[in-house]
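> give the three-dimensional model of this entry:
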Amino acid sequence: MKDEVEFVIKGVEIGDLKALHRLELECFGRDAYSELVLKLLLMDSRSIALKAITGGGSIAGFVIGRLERVEGRPVGRIYTISVDPLFRKRGVAKALMRRLEDELAARGCVEAVLEVAVDNYPALKLYESLGFEFTGILRNYYGPGRHAYRARKTLSESIIRS
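Numbering: from 1, shown residues only. This next block holds a predicted model:
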């Protein structure tokens with residue numbers, strides 16, 4: 001494992017949009033959210049968007065979640081997390097996810113949900129290490145033959161950790 005990198009987590013600003021989109025494209029290629037979708041998420045008052053900034057001012061990674069209601073319960077949906085390849089396996093993704101979980105819990109969410117490609121092994125390992133449970137498979141979620149897992153996590157652990 002690489003050495004941990006020093007960074008601070010801050011809220012994303014609309015001026016970060018182009019940099020976030022470049023990073024999203026680098027991480028997800030054809031599955032990346034468009035700049036327009038990222039912009040709409042950033043402008044949505046129910047969204048929480050966080051970035052990890054290195055001491056040199058670079059965006060090491062970002063995460064976007066959104067408060068939603070599922071069956072009348074407040075749930076945090078995690079839309080995307082992207083980490084610059086230079087900063088992977090250095091604690092950035094885990095720190096962003098933990099901070100997002102805390103923010104979601106503080107806003108009343110009882111659980112977090114997400115979808116992840118069945119062959120995205122680094123992400124699967126990350127989510128498992130954070131306590132997410134894989135609860136189902138979504139066939140053809142990313143297109144024909146490209147499946148995803150649905151995952152969930154109860155956020156009471158985040159509240160206790162705070």
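> my read is Leu42 is in a helix, agree?
Yes - Leu42 forms part of a helix when assessed by DSSP: H, G, I helix; E, B strand; the rest coil.
> quick check: pLDDT value at it.
For Leu42, the pLDDT comes out at 97.
> who touches it in this structure?
Shown in contact with Leu42 (C-beta atoms under 8 Å, 6 or more residues apart in numbering): Val12, Ile14, Leu17, Ala49, Ile64. Every C-beta, even on glycine, is put in place using the N, C-alpha and C of the backbone.
> and which of these is nearest Val70?
Ile64 (17.8 Å; C-beta to C-beta).
> which neighbouring elements make contact with the helix or strand encompassing the closest one?
Secondary structure from DSSP states H and E places Ile64 in strand 59-70. Helices and strands touching strand 59-70, by 3 or more C-beta pairs under 8 Å, 6 or more residues apart in numbering; DSSP states H and E, are helix 17-28, helix 35-43, strand 47-54, strand 73-83, helix 92-106.
> which helices and strands does the longest one pack with?
Judged by 3+ C-beta pairs under 8 Å, 6+ apart, the packing partners of helix 92-106 are strand 7-11, strand 47-54, strand 59-70, strand 73-83, strand 111-117, helix 121-129, helix 156-161.
> what of the third one?
For strand 47-54, the helices and strands in contact under the criterion 3+ C-beta pairs under 8 Å, 6+ apart are strand 7-11, helix 35-43, strand 59-70, helix 92-106.
> for the last one, buried residues please.
Looking back up the chat, that one is helix 92-106. By 16 or more other C-beta atoms under 10 Å, the buried positions in helix 92-106 come out as 92-93, 95-105.
> re the thing from before, want to throw the helices and strands packed on strand 47-54 into JSON lines with distance to Tyr127?
Shown next, in JSON lines, are the helices and strands packed on strand 47-54 (distance: least, C-beta to C-beta, whole Å):
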{"stretch": "strand 7-11", "distance to Tyr127": "19"}
{"stretch": "helix 35-43", "distance to Tyr127": "20"}
{"stretch": "strand 59-70", "distance to Tyr127": "12"}
{"stretch": "helix 92-106", "distance to Tyr127": "8"}
